[in-house]
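[1] Test case, fold it:
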Amino acid sequence: MNKDILICGVGGQGTVLASKIIAASAMDEGNTVHSAETIGMAQRGGSVTSHVRIGEDAYSPLIPYGNADMILAFEPAEALRNLKYLSEDGVAIVNTVPTKPVTESLTETGYDGRKITAYLKDKCSCVFVDSDEVCAPFKSSKFFNIILLGIASGTGKLGIDKDTILKQIEKRVPAKFVETNKEAFITGYGIGEKSE
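    Predicted structure coming up:
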């Protein structure tokens, strides 16, 4: 399998954990994997981008522009910022709920993500998801990264078996949160299955 997956968001959203679960799951299935993260200046709120390249065709950890099979975007502006990586037949799974930058609290700009999601809808194949809505049953947005991973898996375009991912969740998530994270993944998986 050859697959290029780009995960983007802002610090504190769990993008790095999602990328590590994808990479480890792909390796568990016998694939060669290269990955790299670029992390913004702020621990929370700075841009975070992870590249995961699966397969023998990947000679470097960074995805070339126009080559990503999938973008998992935890924030609409980050989806737009990284759209140049998406291939013509790739799919973007995009959170419609924005994480407002600090500058928004200083000067009201009106950023709500709607113009960006409308633009993305015209430019690429997208699955849109409202993080507030899907996280409501779990009473925390901290499960969104695993829900998004479930959506990616449920579309069938991630190329990794869901049981392999569930085993990595068991390994990488603190024991007291494993069952809830598995439920979150299955919830996302169902959303992904219905997205086509």
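[2] Look up how far Glu108 lies from the residue nearest to Gly14 when sequence neighbours are not counted.
    In this structure, Gly14 finds its nearest non-sequential neighbour in Asn145, 3.2 Å apart by C-beta to C-beta, 6 or more residues apart in numbering. (Glycine included, C-beta is placed from N, CA and C.) Going from Asn145 to Glu108 by C-beta to C-beta, to the nearest Å gives 29 Å.
[3] Looking at the two, which is more packed in?
    Each of Asn145 and Glu108 has its neighbours counted (other C-beta atoms under 10 Å); Asn145 has more, 26 against 8.
[4] Was I right to think that one contacts Gly12?
    No. With contacts counted by C-beta atoms under 8 Å, Asn145 stays clear of Gly12, the gap being 10.3 Å.
[5] number of nearby residues for Ile54?
    Ile54, neighbours per other C-beta under 10 Å, totals 26.
[6] Same check on the one 3 residues further on?
    By other C-beta under 10 Å, the residues close to Asp57 number 12.
[7] so where does it fall, helix or strand?
    Under the criterion of DSSP states H and E, Asp57 resides outside all helices and strands.
[8] Name the nearest residue to it, ignoring sequence neighbours.
    Residue nearest to Asp57 in three dimensions, not counting chain neighbours: Asn2, with 4.5 Å by C-beta to C-beta, 6+ apart.
[9] which ones are touching that neighbour?
    Shown in contact with Asn2 (C-beta atoms under 8 Å, 6 or more residues apart in numbering): Ile54, Gly55, Glu56, Asp57, Ala58.
[10] doesn't the residue nearest to Gly14 fall inside a helix?
    Yes. Membership of Asn145 in a helix is supported by DSSP: H, G, I helix; E, B strand; the rest coil.
[11] Contacts for the biggest helix by length in the chain next, please.
    When the chain is parsed with DSSP state H, its longest helix is helix 178-194. With C-beta under 8 Å, 6+ apart as the test, helix 178-194 has contacts from 93, 127, 129, 134, 137-138, 143, 146-156, 162, 165-166, 169-170, 173.
[12] Stretch 158-176 now?
    With C-beta under 8 Å, 6+ apart, stretch 158-176 has contacts from 1, 3, 5, 17, 20-22, 24-26, 28-29, 54, 70, 146, 149-150, 152-154, 178, 181-182, 185, 189.
[13] Can you say which of those are buried?
    Among these, those classed as buried by 16 or more other C-beta atoms under 10 Å are 3, 5, 17, 20-22, 24-26, 28, 54, 70, 146, 149-150, 152-154, 181-182, 185, 189.
[14] Among these, which ones are in helices?
    Short answer: the buried ones among the contacts of stretch 158-176 in helices (DSSP H) are 17, 20-22, 24-26, 28, 146, 149-150, 152-154, 181-182, 185, 189.
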